[in-house]
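A.B. asks: What would the 3D arrangement of this be:
(one chain, ligands or ions: 1)
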Amino acid sequence: MEFQNLINGVWKNSASGKFSENRNPANWNDDLIGMFPLSTEADVNEAVDAAKEAFKKWRLVPAPKRGDVLKVVGDIMVERKDEIAFEMTREMGKVIAETKGDTQEGIDTAFYAASEGRRLFGYNAPSELYNKMNLSFRIPIGVGGIITPWNFPMAIPTWKIFPALVCGNTVVFKPAELTPKTANTLVHIIDEAMRIVLGKDYIPGVINLVHGKGSVVGECLLANKNVDLISFTGSTLVGRRINEVGGRELKRVSLELGGKNAQIVMDDANMDLALDAVLWGAFGTTGQRCTATSRLILHKNIHDKFIEKLLERVKKLKLGYGNEKGVDVGPCVSESQRETVDEYVKIGLNEDKAKMITGGEKATEGNLAKGWFYKPTIFTDVTPDMRIAKEEIFGPVLSVLKCNDLDEGVKILNGTEYGLSSSIFTNNVNDAFRAVRDIEAGITYINGATIGAEAHMPFGGVKATGNGHREGGWTVYDFYSEWKAVYIDYSGKLQRAQIDNY
Ligand code: NAD
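C.D. replies: Here you go, the predicted structure:
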C-alpha cells in the first residue's frame, strides 16, 4: 500500500514520485507494511508555505478551542489505542505492552494539552508608576519544524506537536524513516479532529506531514527561512548539526539527544526490586530507549550475589515478535542498528578486563532468524574508561561496574558526556537525598528504574543530552511561545519609567 504526505489539508504524493519500504523488523522479508513517500525540497517548501499561511488564522483561534481539538484527538486515540499499538509493534518491534504504553503517553499528552488551552497563564506585575498596569502573556511563534526518532513513534511526536498547536503555532512534521506508519495515523487523527471541531472554519495547513530522509527533508526544514522553530529528538550527532544551522539562522531550537543512563544499587537496597528495575530498564524496548539502563553500578558488598540473580533472570527473557503473547524482548529496529550493537559487543570483548557473561551474539534460532534479534548481553568488570561504559549503544547490552561507596558510585554515574536519566536503589534516606543533589542528570529515580517518565513532568537531560529545554509538563509551553509584555497607562499623561519615578 502506498501512503502519502499531508500538505495544506490534502493527502498527496511526493513531487519525486518515489517511495521507500517500511518492513517489520521481526519478520523482514515476509511482512511489508507499506510504501512511504521519499519527499523532496519542493514538498517541504510547499508544506512550510501552507503552514505559514495557516498561521495567520490559527493564531487567532481562541486557545481553549485549540485545546478542544486536542481533546478530540485524545478521544480518538483512546478508541484506536489497541490498533495503533499493534501496528507500532509491527513497524518498530517493541512488545505490545510497551507500544500500548507509548500510545497512552500520547493520550495523556493530548488531554494535558487540551486543558492547557484554558490555562496558558501569563503573569502581571505592579507598575513603578501611578495609574499604570503591567501584564505579560504568551503569544505563538509561527511555523514549527518537528523532527522525531523511531523509538517512541507516538509519544515523542505528541510531546512536541500538541503543545505547539495549543500555543497557536502551525506544524510541519518530519517523522523517522523507520516509523512512518504511526506518524501517518497520528496526523490523520489530528486532521480529523480539526475538521470535527472547526467544522466550516477548518484551516488547511495547520498540521502538515512530510515523509522522507533526514538528509533531505530534515535538512530542507532547517534551511527554510520561514521555519521559526525546530524541535528535534534524536542522536547527539544530528542534534549538533541542527543547533549549528539553527543558531546561524536564529531559529529557536529544542534538542533532546542521547543518553548513557545508569542505575546504582547500594548494599542496603531491596535487591529484588532493583533486579526487576534493571531487567526492565536495560532490556525493555530491546535497550533502545533514550532512558535505557545502559550501566549498572553495584556496591561491592552485593555485587556477586546480584550478578548471580540477574543472570538467572536474563536467561529467562523470551525473544520474539512483540505482538505474540509471552514475548519479553523484541528485535532491534533495523539491520544496521543490530550491526551497531554487535560492533559494540566486539569493542567490549577486546577490552582486557571486561567479561561477557551472557549473550553477545545475534539470535537466529527458529523464527528469530526472520528478524533483527540480538541476545540480551551483559558485561561485568567494566571500568569507567572503557567505551562500553561511556558511549550510547542503543541495544540490549548492559555494562556492570563496581563501586566502594556512594561517592564513588555517583562519580562513576556522572562520568559520561550525557545526563538524561539515572536511578539509585537504597533504603538510606541520607544517601538518597545526597544522590538527588549530586547526580548530573535531568531525571533521577529513587528506588525506580531509569525508564518511565510521566507526561505532566519535565523531561530532558543535562550536558550533551540537550540544550536546556524540556519536553512534557508545563515547561514545554515555554518553548512553543514567546512572552509579550504590555504596559497600559491610564494616567492621561506621558509618564516615563526610570526618569519620572526615581
Ligand atoms: P537520528 O538522529 O538518526 O534521527 C532522528 C531524526 O532526525 C530522524 O527523523 C532523522 O530522519 C532526522 N535526521 C537525520 N539527519 C538529519 C539532518 N541532517 N537534518 C535534519 N534531520 C535529520 O536518531 P534515531 O536513530 O532516529 O534515534 C535514536 C537517537 O535518539 C538516540 O541517540 C537516542 O538517545 C535519541 N533519543 C533521545 C531522546 C531524548 O528525549 N533525549 C528520546 C528518544 C531518542
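A.B. asks: What is the burial count for residue 489?
C.D. replies: 15 (other C-beta atoms under 10 Å). Where C-beta positions appear, they are placed from N, C-alpha and C, glycine not excepted.
A.B. asks: Quick check: the residue positioned nearest the centre of the chain vs residue 270, distance?
C.D. replies: Closest to where the C-alpha atoms of the chain average out (C-alpha atoms, centre = their mean) is residue 156, at 4.2 Å. Here residue 156 is placed at a distance of 32 Å from residue 270 (C-beta to C-beta, to the nearest Å).
A.B. asks: Could you do residue 290 as well?
C.D. replies: Relative to residue 270, and taking C-beta to C-beta, residue 290 is found at 26 Å.
A.B. asks: before we move on, the earlier item: which element is the residue nearest to the centre of the chain on?
C.D. replies: Residue 156 belongs to helix 155-166 when assigned by DSSP states H and E.
A.B. asks: average model confidence for that helix?
C.D. replies: Average pLDDT, helix 155-166: 98.
A.B. asks: That helix: what's the following helix or strand?
C.D. replies: Criterion used, DSSP H and E; the element after helix 155-166 is strand 170-174.
A.B. asks: Please identify the pairing partners of that next one and their relative orientation?
C.D. replies: strand 143-147 (parallel), strand 207-209 (parallel) (DSSP bridges).
A.B. asks: Need the residues that contact that strand.
C.D. replies: 44, 47-48, 51-52, 54-55, 58, 142-148, 157, 161, 164-165, 183, 187, 205-212, 214, 217-218, 221, 227 (C-beta atoms under 8 Å, 6 or more residues apart in numbering).
A.B. asks: tell me the angle of it relative to helix 155-166?
C.D. replies: Calculated by axes from the mean of the first three to the mean of the last three C-alpha atoms, to 10 degrees, strand 170-174 forms an angle of 160 degrees with helix 155-166.
A.B. asks: Any idea how far strand 170-174 is from the middle of the chain?
C.D. replies: Distance, stretch centre to chain centre, for strand 170-174: 16 Å (C-alpha atoms, centre = their mean, to the nearest Å).
A.B. asks: for stretch 260-272, same thing?
C.D. replies: So, by C-alpha atoms, centre = their mean, the centroid of stretch 260-272 is 25 Å from its chain's centroid.
A.B. asks: first to last residue in it, what's the distance?
C.D. replies: In stretch 260-272, first residue to last residue: 23 Å (C-alpha to C-alpha, to the nearest Å).
A.B. asks: Any buried residues in that stretch, and which?
C.D. replies: 260-267, 269 (16 or more other C-beta atoms under 10 Å).
A.B. asks: same thing with stretch 443-453?
C.D. replies: Buried residues in stretch 443-453 (16+ other C-beta under 10 Å): 443-445, 448-453.
A.B. asks: From the residues you listed, pick the one nearest the ligand.
C.D. replies: residue 453 (8.9 Å; C-beta to the nearest ligand atom).
A.B. asks: so that closest one makes contact with residue 459?
C.D. replies: Yes - Residue 453 is within contact range of residue 459, at 4.9 Å (criterion: C-beta atoms under 8 Å).
A.B. asks: Overlap in contacts, the two.
C.D. replies: 443, 472.
A.B. asks: quick revisit: mind giving me TSV with the buried residues of stretch 443-453 and columns for secondary structure and pLDDT?
C.D. replies: Formatted as TSV, those follow (DSSP: H, G, I helix; E, B strand; the rest coil; pLDDT from 0 to 100):
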residue	secondary structure	pLDDT
443	strand	98
444	strand	98
445	strand	98
448	coil	97
449	coil	97
450	coil	97
451	coil	94
452	coil	88
453	coil	88
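A.B. asks: Residues of the stretch 1-150 of the chain that sit close to the ligand?
C.D. replies: 147-150 (C-beta under 6 Å from any ligand atom).
A.B. asks: let me fix that: the chain
C.D. replies: So far as C-beta under 6 Å from any ligand atom goes, the chain lies against the ligand at 147-152, 174, 176-177, 214-215, 218-219, 222, 233-235, 238, 241-242, 256-259, 290, 392, 394, 420, 461, 465.
A.B. asks: domain ranges for this structure?
C.D. replies: Per the record, the chain has its domains at 29-257+466-485, 261-446, by automatic domain parsing.
A.B. asks: Look at the longest one and report the distance between its end residues.
C.D. replies: Using C-alpha to C-alpha, the end-to-end distance of domain 29-257+466-485 comes out at 58 Å.
A.B. asks: among the residues of the chain next to the ligand, which are in helices?
C.D. replies: Mapping the residues of the chain next to the ligand onto helices (DSSP state H) picks out 219, 222, 238, 241-242.
A.B. asks: most surrounded residue in these?
C.D. replies: residue 242 (26 neighbours).
A.B. asks: partners of the residue nearest to that residue when sequence neighbours are not counted in the sheet?
C.D. replies: Distances taken as C-beta to C-beta, 6 or more residues apart in numbering place residue 232 nearest to residue 242, at 5.1 Å, with adjacent residues excluded. Beta-bridge pairing of residue 232, defined through DSSP bridges, involves residue 147, residue 255.
A.B. asks: So what's the residue count around residue 232?
C.D. replies: Residue 232, neighbours per other C-beta under 10 Å, totals 29.
A.B. asks: One more: residue 128?
C.D. replies: 13.
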